[in-house]
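> show me how the following folds:
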Amino acid sequence: MIHVLKSRSTLLTASSIVRTSVGSSSRYSQTRTYSRTHSWSKDASGGAISVLPTKLPFGEQAPRFPHTLGLPLVSRPLFPGLVTSVTLTDEATIDAMEALTKNQDQAYVSCFLRKKNPTGVSEGGVILATPEVITDPSDIYHVGTFAQIQRLTRGDETAATLILLAHRRLDLEYVDKIGPPIDVTVKHWNRSDYTGADDTIRALSNEIISTIREVAQVNMLFRENLQYFPMRVDANDPFRLADFAASISASGTPEDLQAVLEEKDAEMRLHKALVLLNREREVSKLQQEISQKVEERMTEAQRKYFLTEQLKSIKKELGMERDDKDTLIEKYRKTLSEYPHVPEEAMETIDAELEKFSTLEKNSPEYNVTRSYLDWLTSVPWGVETEENFDIQKARKTLDRDHYGLDDVKDTILEFIAIGKLRGSVQGKILCLSGPPGTGKTSIAKSVADALGRQFFRFSVGGLSDVSEIKGHRRTYIGAMPGKLIQCLKATGTTNPVVLIDEIDKLGTGFRGDPASALLEVLDPGQNSTFRDYFLDVPVDISKVLFICTANELERIPGPLLDRMEVIRLSGYDLPEKVAIAEQYLVPKSMRDSGLLGVPETLKLTIDAVRSLARWYAREAGVRNLAKYIDRITRKLALQVVAESEGATLTDKSSRKSNTWEITEDNLHEYVGKPVFTSDRLYEDGPLPHGIVMGLAYTSMGGSALYIETQSIRRGLDSEGKTRGGGTLKVTGQLGDVMKESTQIASTVARARLSDIKPESNFFDINDIHMHVPEGATPKDGPSAGVTMVTSMLSLALDRPIRNDLAMTGEVSLTGKVLAVGGIKEKIMGARRAGIKCVILPAANKRDYDEIPDYLKEDLEVHYADTFDKVYEVAFSSVDST
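As a prediction, this is how the structure comes out:
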């Protein structure tokens, strides 16, 4: 055991165990006086080596120094009579070992096994402890080995390798100094300390030798060590034999090996070593079984491969089977012969690849790459075209069968067919359908393909940020494949399909490129006849493809890309159109999908119910939400029909009559709940309050009517009765920069107009103005609300209301000019949905209004204004006349 010493009335704790005697520095001068100068030689790797003479005392003849440097070991203890190498990384320890090698008589250290390997790391990533650094004496075992330094090799500036020869066991008595390295006081073991019975020891020795030889039959490491067994170990020396057996046991734990090192009794030491060998034998047998199984599998696989190759060769010689490569090459050439025309450049590339493919071995890495390339090259339908349908009447019937309205799209397709009929050939075209969601942009594309008799392919580019999806990957990448355009040609088997590029306004950008720029070549009629995919790397003609793109907001499409497309706006549907669409398309489809076509005729959804759905539940530009409500109704009807047939009782909420399933306006709420909207407008009856005017807006969701509200706040009076401040303008409603500028212009125009109408009025000077555009949660921007803002301010300043069925739109200049705006058709439809009877439009938009279908103009009073004077006349005189 390690004793706790007292020196000069000072009690040392067990955690330190460090000698503090005054004369310690002089007693250990032989290990503490280090010198930086040393003669070195070079090893084969270029490292510096310090080599000591080999003829030094060995074993019991080795010196017995009571005070030495301590060297911790990791994983395995060092047994006497054996040689080991230790890697040093601590600079102080390396210097100390280097100093010891200077004097061959002092080149000895005491080696102790660590109880655990240090793994602590500081916050900066610097290792706190290396294996040879001891900060706590309790980290090492107290029985170690006295070893001689045979060689010290410096590999680089931070590491060195130490070769040690072990002589005898020793006990750690004191740790005199915490290093690195540590100074220790030790007690050497004597040979006379060993005890043991001769017969038992002989039997254990024979068993160990037998086990070693048995393990050596299956373990290469044991077999190599056994070659040196006669030279290194005396079989009649049980102590050395036990040490040798333990040292070559690879499966022994550090604790088990340390137990052998600490054992003084020869019989017990042999017994513990034999236990380690038996464990090694079991592990070796298990390893041998695993190796045999793996080898058998490999042998069987090799045998199967050899026989398979022989069978292929025999069948090939007899003409019973052809080589896979020959079969594939024949297949490729046959496929190419079926195409009407393969371009010269593509054919040259295919021939070169086929020639290379014929020379490749099947297990070659390039075999599958070349095969995949040839698969795609021969899958492109070179020159194959689908026969066109030039029957205009048939095409119109097909388009009308699937969609209501959308006359602009239908007329464009019919014009496209007529040109093809006159020319005898059809060229490609790029259309862009722009409009609110739910207006049939995506579904009309499939109907166009049916009307033309072409194949149809759709892919969405919403959120797409990888240009490889459009133009393919380079063949150097693993798993490379062509882009969507080449995949489209392969899937449809023709070079003139209808291709729908959905959500083109939602293209993304990222570090993988800009897909919008890649589409410039695809959608350019002057370039797409020689479109070159990165994967194929040969020109492909896609000029006969009819591209149809869809978008909600044209403003989000890059200008160069938008310039290549013919834009067709879909304005949405008003209430009569929605009712017609529901009656002709949505209700029959929902009935069919719900399995209600075979039920009694008494099951129906009345026109009034559909009108209520469109007016109070699904107030939108499209019909998507209307379709959802109809689906909800038919699902509930399906449940009622099934429950009735099974004799179940319907819910108490149902008010239907016996044997009748009829959805009317009165019982509609039982199927879809309470109405989402309760009125057409925020202000229904009578004139609008002062300062409230309805404007018309156009958004990605279609046209809509919105109110502009203005309120005044009179400032207080000072001590002399004069007004303090006033004249400020506050704007709310999530307005964009353009609309905020419109409020400033409108304020100036309103002030100027008020001074003309009522010169004595100082309304804007003594009042703060607050303008709000509901709804506050919806962002708004654009210049078309200028006339509405001026009218709202004047209504407040003049204390005169505006009629509640009047709406207006138009941009106003600083001098009162009314400027043209966009989206007239959508705004008129929004006005009709809101029940507006009178509309004020810019005079410059009269041509746009004239192009609107007549059914949208019915019962609508329209006034055109080129200056704000006309707006003022219509807005305020209408109330006066009323």
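
> can you confirm residue 358 is in a helix?
Yes. Assessed by DSSP: H, G, I helix; E, B strand; the rest coil, residue 358 belongs to a helix.

> need the contact list for it.
If a contact means Cβ atoms under 8 Å, 6 or more residues apart in numbering, then residue 358 has 325, 329 as its contacts. Heads up, the C-betas are built off the backbone N, CA and C, glycines and all.

> any idea how far residue 366 is from it?
Applying Cβ to Cβ, to the nearest Å, the value for residue 358 to residue 366 is 13 Å.

> quick one: pLDDT of residue 694?
Confidence at residue 694, expressed as pLDDT, is 90.

> same check on the one 4 residues further on?
Per-residue confidence for residue 698 comes out at a pLDDT of 80.

> element containing it?
strand 692-699 (DSSP states H and E).

> that strand packs against which elements?
For strand 692-699, the packing partners by 3 or more Cβ pairs under 8 Å, 6 or more residues apart in numbering; DSSP states H and E come out as strand 702-714, helix 786-798, strand 806-808, helix 824-833.

> OK, contacts around residue 793?
So residue 793 contacts 691, 710, 746, 747, 750, 764, 769, 771 (Cβ under 8 Å, 6+ apart).

> so which of those residues is the closest to residue 624?
residue 771 (33.7 Å; Cβ to Cβ).

> hang on, the earlier thing: narrow the contacts of residue 793 to those in strands?
Among the contacts of residue 793, the members falling in strands (DSSP state E) are 710, 769, 771.

> got TSV for the residues you listed, with pLDDT too?
Compiled in TSV, the ones in strands among the contacts of residue 793 are given as follows (pLDDT from 0 to 100):
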residue	pLDDT
710	92
769	89
771	91
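
> which of those lies closest to residue 277?
residue 771 (96.0 Å).

> contacts for the strand or helix carrying residue 415, please.
In the assignment (DSSP H and E), residue 415 maps to helix 407-423. Outside helix 407-423, the residues that touch it by Cβ under 8 Å, 6+ apart are 388-390, 392, 395-396, 399-400, 403, 426-427, 429, 431, 433, 444, 448, 451-452, 546, 566, 568-570, 853.

> what residues does the strand holding residue 698 touch?
Contacts of strand 692-699 (Cβ under 8 Å, 6+ apart): 436, 681, 683, 688, 703-710, 780, 782, 784-785, 788, 791-792, 795, 801-802, 804, 806-809, 822-823, 826-828, 830-831, 834, 836, 839, 875.

> ok, back up a step: can you tell which of the helices and strands packed on strand 692-699 is closest to residue 870?
helix 786-798 (9.7 Å).

> any idea of the angle the closest one forms with strand 702-714?
Note on geometry: by axes from the mean of the first three to the mean of the last three Cα atoms, to 10 degrees, helix 786-798 and strand 702-714 are set 30 degrees apart in direction.

> going forward can the numbers begin at 32, since that is how I track them
Sure, I'll start counting at 32 from here, so that last one is helix 817-829.

> output helix 817-829 as CSV, restricted to C-alpha atoms.
Only the C-alpha atoms of helix 817-829 are listed here, as CSV (Å, rounded to 0.1, in the frame of the first residue of the first chain):
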residue,chain,number,x,y,z
GLY,A,817,-56.4,58.3,-56.0
VAL,A,818,-59.9,59.6,-57.1
THR,A,819,-61.5,57.6,-54.3
MET,A,820,-59.2,59.2,-51.7
VAL,A,821,-59.9,62.7,-52.9
THR,A,822,-63.6,62.1,-52.9
SER,A,823,-63.5,60.7,-49.4
MET,A,824,-61.7,63.8,-48.1
LEU,A,825,-64.0,66.2,-49.8
SER,A,826,-67.1,64.3,-48.5
LEU,A,827,-65.8,64.9,-45.0
ALA,A,828,-64.7,68.5,-45.6
LEU,A,829,-68.0,69.4,-47.3
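
> one step back: redo the ones in strands among the contacts of residue 824 as CSV? Include neighbour count.
As requested, the ones in strands among the contacts of residue 824 are exported to CSV (neighbours: other Cβ atoms under 10 Å):
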residue, neighbour count
741, 24
800, 24
802, 22
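
> and which of the residues you listed is nearest residue 178?
residue 802 (93.7 Å).

> distance from the chain centre to the helix holding residue 446, please.
Helix 438-454 sits 43 Å away from the centroid of its parent chain (Cα atoms, centre = their mean, to the nearest Å).

> just after that helix, pick out the following helix or strand.
Counting by DSSP H and E, what follows helix 438-454 is strand 460-465.

> after that next one, next one along is what?
Next element after strand 460-465 (DSSP H and E): helix 472-483.

> how about the helices in the stretch 132-281 of the chain?
229-249, 251-258, 260-263, 269-278 (DSSP state H, counting those that start in this stretch).
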